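Asker: Fold the following for me, if possible:
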Amino acid sequence: MVKEILLILTILLQIVATIVAIRLSRRTKYNLSWMLFTVGLTCLAVLRLGEYFRIKNWTSVQLPSEVSLWLGIAVSLCFAVGMLLVQKIFDYITRTELQQRISERRILNTILRTEEKERQRFSKDLHDGLGPLLSSAKMSISALSEIKDERSKEILRNANYVIDEAIRSLREISVNLSPHILNDFGLSRAVSNFINKLPRSSMRINYSTNLRTERFDMDIEVILYRVICELINNSLKHSGATQVTISLIYTDEVLRLDYRDNGCGFDVSAQEQQGMGIVNIRSRIRSLKGNMEMKSTPGKGMAAQIEIHI
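Answerer: Below you'll find the predicted structure:
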């Protein structure tokens, strides 16, 4: 009885496996090894059915011994040859995954380039459009300097001060949107310039690099610059850090960034699930085929290491 139940269960499982194999044939692009496995499973199901009929003594539907023999040979051949050819399925899966990663990287690179072009366009529009208007307003106010009334002079001085502040803010916004120093002098000078222009605070930034006049692909420079700026802004706004250490080293065709702060720290996995900041940084680095490791413990600061092979 137990033997009969197990045999029925085996038949049912093999029939289900055969159906699943047939349904998956399209996804494997009708690969020969998969087709052989499907045929082998079908033959096994037929053989098990023959054994079941033999146990039940249903002689009218029993398979002839010759047929059973050839089915057994067919099963052995199908599984043996299929196993020899199965590498093609794994090769196909690997190629598909590689093509998917390449497509994702291309899409991400396109998005990043488009974003940078829009930053540059917006920066140029601000500088070339609003800048001259503010300068003209300043010149017009300066032409009124001969006014004798003290009240009017005070109003003019205030207006002049406000316009100067607007021009200064406009320059800062324009530079942050598209830092011209990055395009003209490279990554190291751009990072130094960004750090020097930060508002004075209780957070001290120690920046060291062996870069001098080296230039890299524009994508690498722009993305690394944005990543460093975002890490610094995160430390300023959220960590409560008093010290940040940044090391940017180029050696053996590898560009390495080491960023550390002594802030409040955070749960990296939780931040990746809740916020887009770390996810965006990882995506940007991945678009350069780089590696990034970020470690942080609540109350013990954070550390990020990035490596990009040039």
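
Asker: Start from the N-terminal end of the stretch 101-250 of the chain and give the strands.
Answerer: 204-209, 243-251 (DSSP state E, counting those that start in this stretch).

Asker: and the last one, C-alpha only, in CSV?
Answerer: Output for strand 243-251, consisting of C-alpha atoms alone and laid out as CSV, is shown next (Å, rounded to 0.1, in the frame of the first residue of the first chain):
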residue,chain,number,x,y,z
GLN,A,243,35.4,66.9,12.5
VAL,A,244,35.3,65.5,9.0
THR,A,245,38.3,63.8,7.3
ILE,A,246,38.4,63.5,3.5
SER,A,247,41.2,61.7,1.6
LEU,A,248,41.2,61.6,-2.2
ILE,A,249,44.1,59.5,-3.5
TYR,A,250,45.0,58.4,-7.0
THR,A,251,47.4,55.5,-7.3
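
Asker: Of all the residues in that strand, which ones are buried?
Answerer: By 16 or more other C-beta atoms under 10 Å, the buried positions in strand 243-251 come out as Val244, Ile246, Leu248, Tyr250. No exception for glycine: its C-beta is placed from N, CA and C like everyone else's.

Asker: which one is the third one nearest to, not counting chain neighbours?
Answerer: Okay, so that is Leu248. Thr209 (4.1 Å; C-beta to C-beta, 6 or more residues apart in numbering).

Asker: gap between that neighbour and Arg200?
Answerer: Distance of Thr209 to Arg200, computed by C-beta to C-beta, to the nearest Å: 22 Å.

Asker: returning to what we had before: dump the strands of the stretch 101-250 of the chain to TSV, plus mean pLDDT and distance to Leu69.
Answerer: Formatted as TSV, those follow (pLDDT from 0 to 100; distance: least, C-beta to C-beta, whole Å):
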stretch	mean pLDDT	distance to Leu69
strand 204-209	93	76
strand 243-251	93	69
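
Asker: With distance to Glu66 added, can I get the ones you listed in a markdown table?
Answerer: What follows is these, written out as a markdown table (distance: least, C-beta to C-beta, whole Å):
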| stretch | distance to Glu66 |
| --- | --- |
| strand 204-209 | 81 |
| strand 243-251 | 73 |
